[in-house]
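# Predicted model follows, preceded by the sequence.
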Amino acid sequence: MNTKKPILFLLALSLLCGANLHSASAQNLEALSDYSIKLAISPSHLESGIAEHQVGYLFVLSKFGVPITSSYDVPVSLSSDDPSIVSVPNKIILKANQEFASFPVTTTEKSGTTTITANLNGKITFQKIEVGTDETHLPDDLILELNLPTNKMHVNSEMPFTVFLKTSDGINIRAPNDIDILLEYDGILASSDSKVLTIHKGDYYAWGILHAHDKVGNTFLRIIHEDSGLDVAKSIQISSTLPTGLKLSIFPKLIPAEIDRTLDIFVSVVDSDGNPTKTPNDIPLDFFSSEQYPIGENLDKFGKSEKPMIKKDQFGYLLQQKYSLQSLLKNNILIGVSSKGLGTATDTFRTVGESIETDQNQRTSNFQFSLKDYDTTVNVFGLDKIPSNATAFFTYQLSLIEDDEDDDGIRPDGTKIKIHPDCAEVSDDNLSGSSTEGVTHNTELDPEDMILYTIDCLEDGELYPIQSNANLYTDGFVQKINVISSDDKLATIEDGGKIVSSYSYGTAKISTGQKTGPVKISASINGMGTGSFTSEVINTLEQKEVRLFSPTGENGIIFDRDGFFDIFLIALDEKERPKIMKETEKYLVTPTNGLIEINKGSSFTFAQLRSDSFNVSESETEITLTVEPIGEHANLNLEGSKTFVTHPTSQMQVSLPLEKINANHHQNMGIVQLVDLQGNPVIPKFDVKSKIVSSKDTVVQIIDDAIIPTGFSYATFPIKTTGSVGNAIISASAKGVNGTSLLINTASSQTQLQVFTGGLDNEIPVDTPIEFRLFVDDDNADSISGASIKIVANEEDVLITPNVIRTSSDGSAILSLTALKGPNISFDIIATAEGYAEGKDSFTVNVDAPEQTFNAIDLELPEWIIYIVIGGILMVGVIVIMFLRKSKTDLEEEWEEEEEL
């Protein structure tokens, strides 16, 4: 027996390697009653238009839902419920041994949904198909949006606005049908071209133009979607650069209360935003004052004789008139101006009591109080804002700087410095019992209310006017005044002016240019100091920005799969109002490299641009668009950029005629279709190359990517099976669209064989042949005759004979098993049969194997005893066979009882 063990192991190993597989064959449908048919239209939603689409498929399915083939040609009847939408052939042929029959679907210009019916031998299947879209419903979580590029306008200007719908999660809705949006506005300040905007079927938005009229104020625009009950309103501020008011400025603010004093009184016109502007007509002016004598009477006489006015195309008027102020020591002296239709404007100044003159470092006073060694400076006054291309005036004044640390001080020679008593601090003790008791002292007043008798009445660091004792000029003299501009392109000094002897200030005349921005006017006087004032040259109608405006959201761009997107380009002035162009201007938008023009007389333009920068991504991505002016005299300051979140309008959709395909069929296919975010087909303007992959190449493989041709929304791609049963995920993507994926399952059309054993105890003796019976059934527990059985085992552990055997008519076969060693043995049983999927099972049997086994030779027993043992073994085998037959009979009876239940 020990000699036979290696031989038995080799025999078992040969059984392991001798397995073979049988493929399925075509079915005789007349003999096969348990089957069904499957009609598939893939894709089931097509674009409208007269065209023939090869998208119809018919399959024959086994009772397990797996495609099978027919052994002969089979005719199939087809019909359409509504041929005016979709028509199909009356009959098609499912050819012998073919996995499916395909047929064309012919669409028309009509949109709608219909049903295709297929009939094979009385078995009927249905499939709905949709052409175009007749959807009229909108999502429940609807949001209505009114999109404005700015909420400010200038009179007699225009700007675009857009309306669109989106879901609560921010997805813009493609209109399933024409959607009317009603408009409301007051009509006095601004109006639109129509009362209704229509978002046309297939579009994402609608746009209109809002026209501002010739009145200033605050208006509104309201949009209404009646079907959903939604409405949105936004306010728009309409202003004007035409004169709407006056502004009066008095410089300097402090002058001595003496005879023949002058002031720079400058009157300008301002627009509705308070910015200086030019007048298109002469504006007559009437001046007045809070002090009728001596100022008011002087102004009345001047007005009657000179008839002051702001002339056409100018923004202001300078009044320089002499006044005798020797008896007018006072604060907040008011001077005002009025003009019909523009209202009034006022400003104030103050007079000082002590008149101080200076000649370099020598200072004297006409009062009997001692002067201190004050620091000097030059103070400059002007308007905060000046229009471009205009004439303006700046006032500069010699000033002393108050130093409170020197008040009541002692000179180096020991003498005390005297201070005017109305400016000195007074204690309570000094006030009690005096003639001033109960009278408010000057120093108890707030600084702005205090009478300025001398410089010591000012707070520390404040400026006090000082008169020059000689004429000071801006050129040609030793004591020279120098007035300069920080940028001659912004403002040029036309006349630096002069300071007349016994006066503290002079007036400089400047002219502004076309350029706008901040400019500093500085004045320096030899030996006295330097001062400056910063003003801003503005042109409220000058273009300050060219704005990118997306019609589908302030920060979002919707693009189609070819990279096309809509954009507005709007010229804005300094106040972010639409700017009416005086000349046609060109702009380059990158990275789209689109050249856009805003025409003369308009403030905006609409363009459809294309960019290759939109990448494949299911998540939101960003793109930065840059706009820059183009041309010989282009203003490069207008260059700007804006970052938008990009939203694709389409996605790649994968569909299969059958989600469960035959693992042994090789002519399988899938379909990729370009659809919008609502699932409607999209016709690309260019061929769309897709990328299709399988998550498990061991189950299914994608050999070629599909290219969706121009004019169609879909394309097919082949799917190769490997014969393995399982599942995989098919994923498809393309540039500029959202990707998608779909689960695919492979299955066998064959019935799975089942293997059972009988007659094997939980434990068998070693080196003792044991016969046992195998049973091969199908999934329905029907016995399979003629099935091939193979044993896979380790020949060092067990000997099973025969190594290949077929089942008898009752689906059983008898084999002999000899365990060669313990403590257990394992083996696999593989069953195959034509027309069935392979069945396989593994078994483990315990073996009673003593540590040492003795044979008849070792025991030196007589030879006849060996024959008796063999006879006993044969008897045991007969009993085992009878037992196995009984086990099979009992098992069959149990199956029959289960079926009856």
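That came through fine. Numbering: from 1, shown residues only.

# The helix or strand where Asn379 lies pairs with which strands?
Here Asn379 sits within strand 375-381, counting by DSSP states H and E. Its sheet considered, strand 375-381 pairs with strand 391-401 (antiparallel) by DSSP bridges.

# Break down the stretch 201-350 of the chain into its strands, ranges please.
205-212, 217-225, 230-239, 245-251, 254-256, 261-262, 264-270, 283-284, 286-289, 309-310, 316-319, 322-323, 333-339, 343-352 (DSSP state E, counting those that start in this stretch).

# right, so of these, which gets closest to Leu452?
strand 343-352 (4.4 Å; C-beta to C-beta). All C-beta spots, glycine's among them, are computed from the backbone N, C-alpha and C.

# And the helices in the stretch 751-900 of the chain?
With DSSP state H, counting those that start in this stretch as the criterion, the stretch 751-900 of the chain has helices at 856-859, 863-900.

# So Phe712 sits against Ile683, correct?
Yes - if you go by C-beta atoms under 8 Å, Phe712 and Ile683 touch, sitting 7.1 Å apart.

# returning to that earlier point: tell me how far the strand holding Asn379 is from the chain's mean position?
Centroid separation for strand 375-381 versus its chain: 55 Å, with C-alpha atoms, centre = their mean, to the nearest Å.

# Mean pLDDT lowest where, among the helices of the stretch 751-900 of the chain?
Of all those, mean pLDDT reaches its minimum on helix 856-859 (a mean of 42).

# After the worst-scoring helix or strand of the chain on mean pLDDT, which helix or strand is next? Please name it.
Lowest mean confidence among the helices and strands of the chain (mean pLDDT, DSSP states H and E): helix 5-16, at a mean of 37. Per DSSP H and E, the first helix or strand lying C-terminal to helix 5-16 is strand 35-41.

# helices or strands up against that next one?
strand 51-62, strand 112-120, strand 123-131 (3 or more C-beta pairs under 8 Å, 6 or more residues apart in numbering; DSSP states H and E).

# mind redoing it with 6 Å?
Packing partners of strand 35-41 (3 or more C-beta pairs under 6 Å, 6 or more residues apart in numbering; DSSP states H and E): strand 51-62, strand 123-131.

# how about the ones you listed in TSV, adding mean neighbour count?
Converted to TSV, those look like this (neighbours: other C-beta atoms under 10 Å):
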stretch	mean neighbour count
strand 51-62	20
strand 123-131	18
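
# so which of the ones you listed gets nearest Ile85?
Of all the helices and strands packed on strand 35-41, it is strand 123-131 that lies closest to Ile85, at 5.4 Å by C-beta to C-beta.

# Quickly note the distance from the closest residue to Ile173 other than its chain neighbours to Tyr204.
Leaving aside its sequence neighbours, Ile173 sits nearest to Leu165 (C-beta to C-beta, 6 or more residues apart in numbering; 4.4 Å). Between Leu165 and Tyr204 the computed distance is 8 Å (C-beta to C-beta, to the nearest Å).

# now Asn846
Counting by C-beta to C-beta - Asn846 and Tyr204 are separated by 74 Å.

# which of the two has more neighbours?
Tyr204 (22 against 15; other C-beta atoms under 10 Å).

# Can you pull the phi/psi pair for that one?
With angles defined as degrees, to the nearest 10, Tyr204 sits at phi -110, psi -10.

# how about the strands in the stretch 551-700 of the chain?
556-559, 564-573, 585-590, 594-598, 604-610, 621-630, 640-648, 650-655, 660-662, 668-676, 688-689, 691-694, 700-702.

# buried ones in the third one?
Judged by neighbour count using 16 or more other C-beta atoms under 10 Å, the buried positions of strand 585-590 are Glu585, Tyr587, Leu588, Val589.

# Now tabulate the residues you listed in TSV and tack on distance to Asn526 and pLDDT.
Listed next are these as TSV, based on distance: C-beta to C-beta, whole Å; pLDDT from 0 to 100:
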residue	distance to Asn526	pLDDT
Glu585	49	92
Tyr587	51	94
Leu588	53	93
Val589	56	92
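
# how about a markdown table for the residues you listed, with distance to Leu61 added?
Output for the buried residues of strand 585-590, formatted as a markdown table (distance: C-beta to C-beta, whole Å):
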| residue | distance to Leu61 |
| --- | --- |
| Glu585 | 68 |
| Tyr587 | 62 |
| Leu588 | 61 |
| Val589 | 56 |
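
# What is the neighbour count of Glu545?
16.

# For it, what is the enclosing helix or strand?
Secondary structure from DSSP H and E places Glu545 in strand 543-549.

# Give me the residues contacting stretch 595-602.
Applying C-beta atoms under 6 Å, 6 or more residues apart in numbering, the contact partners of stretch 595-602 are Leu569, Ala571, Met581, Glu583, Thr584, Glu585, Lys586, Tyr587, Leu588, Thr605, Ala607.

# do that again at 10 Å, thanks
157-158, 543, 546, 548, 567-571, 578-589, 604-607, 609, 627, 630 (C-beta atoms under 10 Å, 6 or more residues apart in numbering).

# In ChimeraX, how would I select the buried members of those?
To isolate the buried subset of the contacts of stretch 595-602 in ChimeraX, counting by 16+ other C-beta under 10 Å, use the following:
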select :157,158,543,546,548,567,568,569,570,571,578,579,580,581,585,587,588,589,604,605,607,609,627
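
# re the thing from before, can you tell me which of the strands of the stretch 551-700 of the chain comes nearest to Asp81?
The nearest among those, by C-beta to C-beta, is strand 650-655 at 21.7 Å.

# avg pLDDT for that closest one?
Mean pLDDT, strand 650-655: 87.

# distance between that strand and the chain's centre?
Relative to the centre of its chain, strand 650-655 is centred 21 Å away, using C-alpha atoms, centre = their mean.

# ok, now stretch 720-730?
Distance, centroid of stretch 720-730 to centroid of chain: 38 Å (C-alpha atoms, centre = their mean).

# end to end, how far does it reach?
12 Å (C-alpha to C-alpha, to the nearest Å).

# can you check stretch 178-192 too?
Per C-alpha to C-alpha, the first residue of stretch 178-192 is 20 Å away from its last.

# Can you list the buried residues in it?
Ile179, Ile181, Leu183, Tyr185, Leu189, Ala190, Ser191, Ser192.

# Which pair in those has the greatest spatial separation?
Ile179 and Leu189 (27.7 Å).

# give me every residue that touches the residue most central in space within the chain.
When C-alpha atoms, centre = their mean is applied to the chain, the residue found nearest the centroid is Val645 (2.6 Å). Applying C-beta under 10 Å, 6+ apart, one finds that Val645 lies in contact with Gly170, Ser550, Gly553, Asn555, Gly556, Ile557, Glu620, Thr621, Glu622, Ile623.

# That one and Ile623: what is the separation?
8 Å.

# list the residues that contact both of the two?
What both Val645 and Ile623 touch, as defined by C-beta under 10 Å, 6+ apart, is the set Ile557.

# Tell me which of the helices and strands packed on strand 35-41 lies nearest to Phe772.
Here strand 51-62 is closest among the helices and strands packed on strand 35-41 (C-beta to C-beta), at 33.2 Å.

# what pLDDT, on average, does the strand holding Glu545 get?
In the prediction, strand 543-549 has an average pLDDT of 91.

# next one: it to chain centre, how far?
That offset, for strand 543-549, works out to 21 Å (C-alpha atoms, centre = their mean).

# would you put the C-alpha positions of that strand in CSV?
C-alpha atoms of strand 543-549 as CSV (Å, rounded to 0.1, in the frame of the first residue of the first chain):
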residue,chain,number,x,y,z
GLN,A,543,-14.9,106.6,-17.6
LYS,A,544,-13.3,105.0,-14.6
GLU,A,545,-14.0,101.3,-15.1
VAL,A,546,-15.0,98.8,-17.7
ARG,A,547,-17.0,96.2,-15.9
LEU,A,548,-17.5,92.5,-16.8
PHE,A,549,-21.1,91.7,-16.1
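
# Thanks a lot, see you next time.
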